[in-house]
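In: Predicted model, plus sequence, below.
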Amino acid sequence: MHFKSVSRAALIVSIVGLFAWLSPGLPARAHELSDIQSGTLYLKSSPDAVAVEALRVATAMQVQVTGDVARVHVIQKFTNTGADWMEGLYAFPLSADAAVDELLMTVGERTIRGEIQEKTKAQANYAQARSEGKQASIVDQERPNMFTTAVANIAPNSTLSIEITYLETIPYRDARYTLRLPLAITPRYTPGAGLDPAAPLAAANAALVNAALGTSATPERVTAPRQNVDITVELAAGFPIGSLTSLHHVVSVRNDALGKLIHLAGSQIPADHDFELVWAPAVAGDVATAAFAETVGDDTFALLVLTPPNAADEATQPREITFIIDTSGSMYGPSIEQASAALQLGVDRLQQSDRFNIIRFASGYSSLFSAPQPVSAATRTLASQFISALRAEGGTEMRAPLERAMATPPSAGYLQQIVFITDGSVGNEAELIALIHQQIGKARLFTVGIGAAPNSYFLEQAAAAGRGSYTFIAERDQVGSRMQDLFHKLERPALVDLTVLWPANLTADLAAALPGDVYAGDPLVIVARLPHPPSGYLTLSGRMGGEDWVHQVPITQVGEQSGLSKLWARERITDMSRQLQFGGDREQLRASILELALRHHLVSEFSSLVAIDTVVVRPPGSPGHVEQAPTSAPTGSYWATTGFAKTATPADLLLICGLLSITFGCFVHWARLRKETVR
């Protein structure tokens, strides 16, 4: 290799190392960490200039819960503290079940209501308004549980407010209701994929690092400087509440005329941990059911929520369980500790009649045994040693271990179950969900979500495709209770062959097909469209543990503004999106999804909400630029403490490599000059 080529290579590696070290961590090096305001992006006009505060996004969430339905208002205030006009970008998580139906943009005293449009049309209209100097905003669904807001022409030293509203159901699960508000994002690893359009400003950094390391992490812009959040919940449960708990945040609670008012305690609360509010009825029955109907125009929409009964006896069939545990870089810190504790508890819970194996994966995978082995003192000891040696580092290559587990034929007479422990931080969710759907066979897949901000969409959909169930473990002290809930399902027969008989033999148009299996403690949410309002009772029937099961539910009429029609449309869109993943007719499904989204005013993968002001505010020729506000990294994660995920960008390693390369490059350059001097 020529000296000149070596020098160039050394220079490239040096730039990559230093750029990766400096870029997301810029605020920490321009200011002391204690001086940084949460949710702030700092910029430098030149390498020697002092970093200045640029775009800030403050988020507030106002939630109204009525029975089993929540309406959530997400208010984002974009503040431009610089001297230039700015376009602000922000990627943020929402519930995968969110029916996003409203966008309000407030500019001074004016409020502009967003319109639902086909995505490409909405983006074109937004781009035109931006170029014309008008203030505009657009909300896109980048993934089922990740959205982006873009705001054009924010004036210098001004604030522009965006309000996004969505609906979702809160079913009764494992004897409790849980309102979960996603707040943080773990960067996702996508094998062999391109860059994620959700974070265009992080793309350059990701491209350099991925090219240098041969990885492909999606460039969601998360960083250690955190966003702040303010949350208020108005809870009208419709029944006496026995217990009410905020699992991860300190809250204040007071009674009001409609129920309870819950508010985050204190100020400057970091949005680095998903918010979970849990409540349970004072008197809980064995079977929890509710049915509501809403009439909109000529159609009636019905919502049925069912939690099946607990089987009296445990399943007698022996089980063959394969545990799959994620040891990739995104699991670094508390997540790998929680996952290891959950895995150990799972092994301890096995019966002498069971068989088991453990597969760990990151960039590659390995297994404890070549095939599942009987439970014994010796195999338990080997499992404990295997678990204690687990460390988190590397990529998140899920496909191979899943294929290995699903391809292993069960021993004769055994019920095959797969327990998948992960944070779900992957970008190729559709590929993996389709794989599970195609290859699960007679096995059942159960997912365990780990960490402060797991990818709930992937975990829930993977469990659905695998005809299993899911649970989330966000804190170490939840491992025991949540794994007990999971094994309660693993050890008991499911409700199968479920049918619904509507009153007066009404023919219902279900938003999605009924599931094959429903496990003890798991909610079943059915949304249907009916030709006219039902009255009386609907009848549910199925089989559990070989016995017939029948239950009747009275139907309650609700007002037209309850949102059941939007929930039906959202569930139908989700079902059609699932068919897309499973190889359905793309053009036909796309047209159907778009038609539903436009009719019911919903954001989807093919539709966006866009709001455009009619007033031109940016003077011609005024300078402007684009900034992306960082999203909070989950607390305790490697990304939150260093600005980099071990999955994709080992910043410290790159820094060392960069410094070594600079030294080597200087030596090579000196040697070349000396050689030329000798000549």
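Out: That came in fine, so what should we check first?
In: So, low pLDDT: which residues of the stretch 101-250 of the chain?
Out: Applying pLDDT under 70 to the stretch 101-250 of the chain flags residues 192-226.
In: and what of the chain?
Out: For the chain, the stretches flagged by pLDDT under 70 are 1-54, 192-226, 284-287, 311-316, 559-561, 638-679.
In: all helices for it, in order.
Out: Counting by DSSP state H, the chain has helices at residues 3-22, 26-30, 119-131, 203-213, 334-349, 377-388, 399-407, 429-439, 456-465, 479-490, 564-581, 586-600, 638-642, 651-678.
In: Which elements pack onto the fifth one?
Out: If you count contacts as 3 or more C-beta pairs under 8 Å, 6 or more residues apart in numbering; DSSP states H and E, helix 334-349 packs onto strand 319-326, strand 355-361, helix 377-388, strand 415-422, strand 444-450, helix 479-490. To be clear about C-beta, it is placed using only N, CA and C from the backbone, and glycine gets the same treatment.
In: cool, and the third one?
Out: In terms of contacts (3+ C-beta pairs under 8 Å, 6+ apart), helix 119-131 is packed against strand 134-143, strand 146-154, strand 607-616.
In: Can you lay out these as CSV showing mean neighbour count?
Out: Formatted as CSV, the helices and strands packed on helix 119-131 follow (neighbours: other C-beta atoms under 10 Å):
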stretch, mean neighbour count
strand 134-143, 23
strand 146-154, 24
strand 607-616, 21
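In: Distance to L538 for those - can I get that in CSV?
Out: As requested, those are exported to CSV (distance: least, C-beta to C-beta, whole Å):
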stretch, distance to L538
strand 134-143, 33
strand 146-154, 35
strand 607-616, 32
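In: Any idea which of those gets closest to Q557?
Out: Closest approach to Q557 among the helices and strands packed on helix 119-131 is made by strand 607-616 (30.3 Å; C-beta to C-beta).
In: and E429, what does it touch?
Out: Contacts for E429 were tallied using C-beta atoms under 8 Å, 6 or more residues apart in numbering; they are 143-144, 455, 457-458, 461.
In: try V550
Out: Applying C-beta under 8 Å, 6+ apart, the residues near V550 are 539-541.
In: Repeat the analysis, applying 10 Å as the threshold.
Out: 501, 539-542 (C-beta atoms under 10 Å, 6 or more residues apart in numbering).
In: from the residues you listed, which ones fall inside strands?
Out: Taking DSSP state E, the ones among the contacts of V550 that sit in strands are 501, 539-542.
In: Contacts only, for F446.
Out: By C-beta under 10 Å, 6+ apart, F446 lies in contact with 321, 346, 417-421, 462-463, 466-471, 486-487, 489-490, 519.
In: can we see that at 6 Å?
Out: Contact analysis of F446 by C-beta atoms under 6 Å, 6 or more residues apart in numbering lists 419, 468-469.
In: And those residues, which is closest to R173?
Out: Distances from R173 to the contacts of F446, taken by C-beta to C-beta, are shortest for S469, at 9.6 Å.
In: Surely the closest one and K489 touch.
Out: Yes - S469 lies in contact with K489 (C-beta atoms under 6 Å); the separation is 4.9 Å.
In: for A98, phi and psi?
Out: A98 adopts backbone torsions of phi -70, psi 130, taken as degrees, to the nearest 10.
In: Distance-wise, check it relative to R173.
Out: 18 Å (C-beta to C-beta, to the nearest Å).
In: Neighbour count for the two, which is higher?
Out: Using other C-beta atoms under 10 Å, the more surrounded residue of A98 and R173 is A98, with 24 against 18.
In: just to revisit the earlier point, so which of the contacts of V550 wins on neighbours?
Out: L540 (22 neighbours).
In: Put together JSON lines for the contacts of E429, with distance to A91 on each row.
Out: Formatted as JSON lines, those follow (distance: C-beta to C-beta, whole Å):
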{"residue": "R143", "distance to A91": "10"}
{"residue": "P144", "distance to A91": "14"}
{"residue": "N455", "distance to A91": "14"}
{"residue": "Y457", "distance to A91": "15"}
{"residue": "F458", "distance to A91": "17"}
{"residue": "Q461", "distance to A91": "20"}
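In: which pair in the residues you listed spans the largest distance?
Out: Longest span within the contacts of E429, C-beta to C-beta: R143 and Q461, 11.5 Å.
In: ok so, going back, of S469 and K489, which one has the most company?
Out: A count of neighbours by other C-beta under 10 Å puts S469 above the other of S469 and K489, at 27 against 23.
In: Might you report the residue contacts of the more buried one?
Out: Contact analysis of S469 by C-beta under 6 Å, 6+ apart lists 446, 463, 489, 519, 522.
In: From T232, how far off is the residue lying closest to the third one once chain neighbours are set aside?
Out: Spelled out, that is K489. The shortest distance from K489 to any non-neighbouring residue, by C-beta to C-beta, 6 or more residues apart in numbering, is to Y519 (4.0 Å). Going from Y519 to T232 by C-beta to C-beta gives 34 Å.
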